[in-house]
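Novice: the following block contains a protein sequence and its predicted model.
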Amino acid sequence: MTKTMKAVLLGSLAAFAFAALGQGLEPNSILKPLSDSWPTYGGDYTQKRYSSLKQINQTNIKNLGLAWVSNMPTGAGAPGGGFGGGFPGGGGAAAPTIIGGEGPDNANTSAGRIGGAILEVNGILYVSVPNHAWAVDARDSSVLWHYFWKARGGNTIGNRGMAISGDWLYFETPDDFLVSLDAKTGKERWHKEISDFSQQHFSTMAPVLFGNHLMVGTSDDLDSPGYLQSFDPETGDLQWKHYTVPMNPGDPGLDTWKNLDAASHGGAQVWIPGSYDPETHLYIFGTGNPTPAYSSATRGDGDNLYTSCLIAVDVDSGNMKWYFQTSPHDTHDWDSTQAPVLVDADFKGKPRKMVMQAARNGFFFVLDRTTGEHLLTMKFSGAANWAKEIDKRGEPARDPEKDSTYPGSLVSPDNGGSTNWPPPSFDPDTGLFYVQLRENFAMYYMTETDQRLMMGLGGKEEDGVGALGPSIEAIDYKTGKIAWKYRFPGGATGPTSITGLLTTAGHLLFSSDLVNSIVAYDPSNGKPLWHSRIGSVSNAPETYMLDGRQYVIAAVNDTIYAFALNP
């Protein structure tokens, strides 16, 4: 059989498999509470990462066992599937590979670890890492197709996942393209450049789609301005661009910078997907740190808006409706891009529509998401020592003595933050907000006097001097008090973080740990109930229901592990 005949046959088999499984996502389904599927980055638009599924629960969690394992192929003609399945239906046959991109023919085909969200829609898993995407049968692990992007280069630090609407998929590439694929075949529909690759931008964010707006962020660690963009999901045409720092004379927030030049090179990158409130039509997202990250020399002594902020924009216009700054005049690279979680619940005896964030700087915030009104600020890291007070706006006020200094300053958290990009979870049954906590200390030294060498992340040295070890914390959102803390055994000398959280109506909290396991805990008290040692888990656990069977999945580097109840 010729290569052409094989390609036609494999394409036909893939199409047959998709027809059998069903495909396509009804866009409004993401507006519903998270249940059978996992159709967007955070499961649904609220980013609570709480699933209403309860087939797997505290009563039967001891019977949770491995259903299948699938390794993601990276080369053309590489075998698809693994233990529990092949393509199609076993045998390890090759999945078709589609090649796109504008890089050289000898572009590097190696793939990074699966660190972002895996979508599950109508029996298909959609998986991505930098420069690669796959469709996988969610029942048996068969790889249905593989898409490889030939990149021009770029930072392959990570890819947070894809977006889907109808039969169309969307993801970002390290060399700053937005790519749309046909979900049935992996065939490319179009690709559009979304930022200037020559300025060393790189793109990691999982796009978020609602209606006819596709939200896209890009990143940079140098001295470029941050921005959020909205694209037409049909054509890829730009609809609007919202800059996250002042760019023109008279722009709001300019008076918080030394001058316009400092502001327009001031950072505030958009790294992580935000959350969407369909009632107010607001998209709420976090922004990155200011540039230079560790020095005030060029940016002045003001708050440096709108860096390290939560921002709400109208999705039709891109206009900002409100903001709240979690780290005014940040001097430690503590961005505020951690997931904003939308919750409807009582607060001080009144029903409120809230947004909550456990920020990298060690503080937990509750705001009214319709207006941005401050409701609560509490420190969730007992080690955090950089703020001298909470000001009248509810924002932590930094202690200048904790900046990088020539003799050195002892600071907590370290650069990695009290928490980072791994997502938190909110359980409406317990009323608790769950987050991973890092309690690390470092000495921050200023090492340069030349302002030109302080740009980006330069000009300082950071030396770790101690750690209490990572934990999972459960926060009472009404008071900010810690309901319970589970500190991982041996964590003070081992790995320093886990990879995100998931809660379910089965009264379970899923997480990774520090000794190569996925673990289920009791969300009421943090008691471990079950674990499976599969390796160093690289993304946050997820769950879905298919053919009446609930699955829990997690990735270890380039391999997906699926668990279900044993018959």
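Specialist: Structure's in. What do you need? Numbering: from 1, shown residues only.
Novice: how about G300, what does it touch?
Specialist: Contact analysis of G300 by CB atoms under 8 Å, 6 or more residues apart in numbering lists T256, W257, K258, N259, A262. Bear in mind the C-beta positions are built from the backbone N, C-alpha and C, glycine included.
Novice: just the buried members of those residues?
Specialist: T256, W257, K258, A262 (16 or more other CB atoms under 10 Å).
Novice: E395: which of those residues is nearest?
Specialist: T256 (12.6 Å; CB to CB).
Novice: what count of nearby residues applies to the nearest residue to the closest one once chain neighbours are set aside?
Specialist: Using CB to CB, 6 or more residues apart in numbering and skipping residues adjacent in sequence, the residue nearest T256 is G302, 3.6 Å away. G302 has 17 neighbouring residues, counting by other CB atoms under 10 Å.
Novice: so G302, which state does it fall into?
Specialist: Under the three-state scheme (DSSP: H, G, I helix; E, B strand; the rest coil), G302 adopts coil.
Novice: surely it is in contact with A262?
Specialist: No: here G302 does not reach A262: they are 9.8 Å apart, not a contact under CB atoms under 8 Å.
Novice: all strands in the stretch 101-250 of the chain, in order from the N-terminus.
Specialist: 119-121, 124-129, 132-137, 143-150, 163-165, 168-172, 177-182, 188-193, 208-210, 213-217, 227-231, 238-243 (DSSP state E, counting those that start in this stretch).
Novice: what sits against E448?
Specialist: Counting by CB under 8 Å, 6+ apart, E448 touches M454, G458, G459, K460.
Novice: the spatially most central residue of the chain and V245, how far apart?
Specialist: Nearest to the mean C-alpha position of the chain, by CA atoms, centre = their mean, lies I272 at 4.9 Å. Remark: distance between I272 and V245 (CB to CB, to the nearest Å) = 18 Å.
Novice: and A474, that's in a strand?
Specialist: Yes: judged by three-state DSSP, A474 forms part of a strand.
Novice: these two touch, right, it and W484?
Specialist: Yes: counting by CB under 8 Å, A474 does reach W484; the two are 4.9 Å apart.
Novice: quick one: common contacting residues for these two?
Specialist: G526.
Novice: these two: which is more packed in?
Specialist: Comparing A474 with W484 by other CB under 10 Å, the one with more neighbours is A474, at 24 against 19.
Novice: could you check the pLDDT of that one?
Specialist: Looking at A474, its pLDDT is 98.
Novice: likewise for L514?
Specialist: Confidence at L514, expressed as pLDDT, is 91.
Novice: likewise for L13?
Specialist: 44.
Novice: before we move on, what about T298?
Specialist: 91.
Novice: for R393, helix, strand, or coil?
Specialist: coil.
Novice: hang on, it packs against H374?
Specialist: Yes: counting by CB under 8 Å, R393 touches H374, with 6.4 Å between them.
Novice: the more surrounded of these two?
Specialist: H374 (16 against 13).
Novice: show me the contacts for that one.
Specialist: The contact partners of H374, by CB under 8 Å, 6+ apart, come to F324, F365, L367, R393, G394.
Novice: drop anything exposed from these.
Specialist: F324, F365, L367, G394.
Novice: verify the contact between the last one and T377 for me.
Specialist: Yes: the pair G394 / T377 is scored as a contact, 4.5 Å apart, by CB under 8 Å.
Novice: okay, and the common contacts of these two?
Specialist: With contacts taken as CB under 8 Å, 6+ apart, G394 and T377 have F365 as neighbours in common.
Novice: number of nearby residues for G123?
Specialist: 18.
Novice: send the alpha carbons of stretch 513-533 over as CSV?
Specialist: The C-alpha trace of stretch 513-533 is given here as CSV (Å, rounded to 0.1, in the frame of the first residue of the first chain):
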residue,chain,number,x,y,z
ASP,A,513,1.5,15.3,45.7
LEU,A,514,5.2,15.6,46.1
VAL,A,515,6.0,11.8,45.7
ASN,A,516,4.6,11.1,42.2
SER,A,517,1.0,10.4,43.1
ILE,A,518,-2.5,11.6,42.2
VAL,A,519,-4.4,11.8,45.5
ALA,A,520,-8.0,12.2,46.6
TYR,A,521,-8.7,14.1,49.9
ASP,A,522,-11.7,14.8,52.0
PRO,A,523,-12.5,18.4,51.2
SER,A,524,-13.9,19.0,54.7
ASN,A,525,-10.7,18.3,56.6
GLY,A,526,-7.9,17.4,54.1
LYS,A,527,-7.7,13.8,55.1
PRO,A,528,-6.1,11.6,52.3
LEU,A,529,-8.5,8.9,51.1
TRP,A,530,-6.9,7.4,48.0
HIS,A,531,-3.8,7.7,45.9
SER,A,532,-2.1,6.2,42.8
ARG,A,533,1.6,6.5,42.2
